[in-house]
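**Student:** Quick one, what's the 3D model for this:
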Amino acid sequence: MMDQLPLQDASVLEALLRFGPPSFLMRLVDLYLDTTGTHVEKAESSAATGDWDAVAFAAHSLKSSAGNLGLPRLMDTVQKLELAARSGDTENAAALVAGLRQIWKDSCASLVEYRARL
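**Tutor:** So this is what the prediction gives:
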């Protein structure tokens, strides 16, 4: 079950600190927080209209950024969402979209908490 995965893998964020000062990671987190909400909105609005290709694209966009910032629960959810949307499993895709915003919000909150400790 996706809820069993942790929201955050701090080791991924700690590895990013090797690429620059904490301000570098702060900028990455801020960019994520500022831009990824549009992908969540796109997944929701596209699911509502039955545009599953657009849902898959939005999920794919979220997948890489979630992986880059060590958000395993979100990454697992959007990976499953992308596969369901692409394969025509609209019932499963719709269920994943329904829970996406909360998992994204929780993931963002975990990044904000991590950022505050930098």
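**Student:** alpha carbons only for contacts and neighbour counts from here, please
**Tutor:** Fine.
**Student:** Now do the strands in this structure.
**Tutor:** Taking DSSP state E, the chain contains no strands at all.
**Student:** Please report how far the residue at the greatest distance from the centre of it lies from Asp30.
**Tutor:** Of all residues in the chain, Pro21 has its C-alpha farthest from the mean position, at 24.1 Å, by CA atoms, centre = their mean. Separation of Pro21 from Asp30 (CA to CA, to the nearest Å): 15 Å.
**Student:** again with His60
**Tutor:** Counting by CA to CA, the separation of His60 from Asp30 is 20 Å.
**Student:** Those two: which has the busier surroundings?
**Tutor:** His60 (20 against 15; other CA atoms under 10 Å).
**Student:** show me what contacts that one?
**Tutor:** Contacts of His60 were listed using CA atoms under 8 Å, 6 or more residues apart in numbering, and they are Val78, Gln79, Glu82.
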